[in-house]
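Asks: here you go, sequence then predicted model.
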Amino acid sequence: MRPIGAENRKLIAEGLWQSNPVFKQVLGICSTLAVTNLVLNTVVMCVALIFTLSLSAFTVAVLRTLTPRNIRMMVETLIIAFYVIIVDILLKAYWPEMSSSLGPYVGLIITNCIIMGRCEACANANPSGKALLDGLFNALGYSFVLLIVAGLRELFGMGTFLGLTVPYFSGPYWDKWIIMVMPPGAFFVLAIVVWVFRSIQTAKENKAK
Amino acid sequence: MIREKPWFAVAYMFLVTVFFSSIVIGLTQLTRERVEANERLAFERAVLSVLPDIRIEEMTRPKIHNMFVETIEEPNESSRNAYVARRHGQAAAYVLPISGQGFWAPIKGVIGIETDRRTITGVAFYEQKETPGLGAEITKAPFRNQFEGKVIWPHGDPIEIKRPGETLGENEVHAVTGATQTSNRLEIIINKALERWRDQSAGEGGGDQ
């Protein structure tokens, strides 16, 4: 395998950590709030997002020299919608239960700002390989934060993890925090997660100085 | 440069749209049969799940389909528009399809009714796009189980959905907390279907046979 170049390593670190989509760019968090009350739903949403974000970034980058500047956002939206509809069709055909429990949220990935954000910020002006990598690692950076939020919400709100029982939390001593599964719970958990990650980030930066 | 010409933008957008749409249309066609089978199965699953003494949670897809074919009969003259569940040749219950506008999109479901044409054996929904965690709770056991054993009122509204916490009569159930709109609309959907069915089958005495 070819060793990862310094430039690529920087790209990976930025996507996952330094400019993480959720706690640094604060983009695309609408779906963070909507689907994170069950870990399983979140996993599926994250896989869908990773697929859509990397491939749309790649496609936008491939077409970048051809696409006229003034209609580029139209083309980008079309490409994003294309990949999202593919995910939607596949879910409907092969995993109908998941498709119905995610309801309209799969379709709403189209309007997830992080995808358009990466297309505009990176894929638009960079070669396809770099755009793919940028998309992939931004999606992964987004996903791991989402999974933390979902894990906390399901654990506190339902006393389970991925639907499985968890010692103590599933027992009678844990009084389930219903608010965690309801929409407001997402705001609380997201705020705390962002706070923790940002504190770690600033602490590191201060040390580096 | 050709990219700057106004007609190029139009032609380019047209071609890109045609290209991506054809792939999506092709994929939809390829999976159409499967998606339709899934929808059919969701309906059959709903019908079977409102019947008493049938456990379908553990059943495989073909088994559910076979059971539906074996036990459920199409609506006949005396059952009006309700499906008839048979056991040992006898009518064992009626399953009345219901549908109407929900908060976001149409809600479709079924109500199981005993042969006395008054006692409800269960409700299930096989198509809805209500808010996950709020309106969509109508598809979950805590809400649905309330209907079991409720009695359709002979005059006025057959069923009433009351605010959470209120004491309930024998034709009343509790709404979903935080989903007033869904609950109100569902009450209308259920009552419209039940009222029509009750008034049509009034005067015919008990069940058929």
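Replies: Structure's in. What do you need? Residues are numbered from 1 along each chain as shown, chains lettered A, B, ... in the order given.
Asks: any weak-confidence spans in chain B?
Replies: B:1, B:132-133, B:202-209 (pLDDT under 70).
Asks: now with 80?
Replies: Along chain B, segments meeting pLDDT under 80 span B:1-4, B:53-58, B:77-79, B:89, B:131-134, B:154-156, B:177-178, B:199-209.
Asks: and the residue positioned nearest the centre of it, what helix or strand is that in?
Replies: For chain B, the residue nearest the mean C-alpha position is residue B:109 (1.2 Å; Cα atoms, centre = their mean). Per DSSP states H and E, residue B:109 falls inside strand B:106-114.
Asks: parallel or antiparallel, list what pairs with whatever helix or strand comes next after that strand.
Replies: Going down the chain from strand B:106-114, the next helix or strand is strand B:120-127, by DSSP H and E. Sheet partners assigned to strand B:120-127 using DSSP bridges are listed as strand B:106-114 (antiparallel).
Asks: contacting residues around the partner strand?
Replies: B:43, B:46-47, B:50-52, B:82-83, B:85, B:93-101, B:119-128, B:130, B:138, B:147, B:152, B:185-186, B:189-190, B:193-194 (Cβ atoms under 8 Å, 6 or more residues apart in numbering or on different chains). The way it works is simple: take the backbone N, C-alpha and C, and place the C-beta from them, glycine included.
Asks: hmm, who's touching the lowest-mean-pLDDT helix or strand in chain A?
Replies: Among the helices and strands of chain A, helix A:29-35 carries the lowest confidence by mean pLDDT, DSSP states H and E, at a mean of 74. For helix A:29-35, the surrounding residues in contact (Cβ under 8 Å, 6+ apart) are A:22, A:41-42, A:45, A:49, A:102, A:105, A:108-109, A:111-113, A:145-146, A:149-150, A:183, A:186-187, A:190, B:132.
Asks: which residues of chain A lie near chain B?
Replies: Residues of chain A found near chain B (Cβ under 8 Å from any Cβ of the partner chain) are A:34-35, A:37, A:41, A:63, A:66-68, A:70-71, A:74-75, A:78-79, A:82, A:85-86, A:89-90, A:92-94, A:96, A:100-105, A:181-183.
Asks: what is the neighbour count of the nearest residue to residue A:24 once chain neighbours are set aside?
Replies: Closest residue to residue A:24 apart from its sequence neighbours, by Cβ to Cβ, 6 or more residues apart in numbering or on different chains: residue A:18 at 6.9 Å. Counted with other Cβ atoms under 10 Å in any protein chain shown, residues neighbouring residue A:18 total 13.
Asks: try residue A:130
Replies: Counted with other Cβ under 10 Å, residues neighbouring residue A:130 total 18.
Asks: repeat for the one 5 residues further on
Replies: The local packing count at residue A:135 equals 30, with neighbours defined by other Cβ under 10 Å.
Asks: next up, the contacts around the nearest residue to it once chain neighbours are set aside.
Replies: Leaving aside its sequence neighbours, residue A:135 sits nearest to residue A:57 (Cβ to Cβ, 6+ apart; 3.2 Å). Residue A:57 makes contacts with A:115, A:118, A:119, A:122, A:123, A:131, A:132, A:134, A:135, as judged by Cβ under 8 Å, 6+ apart.
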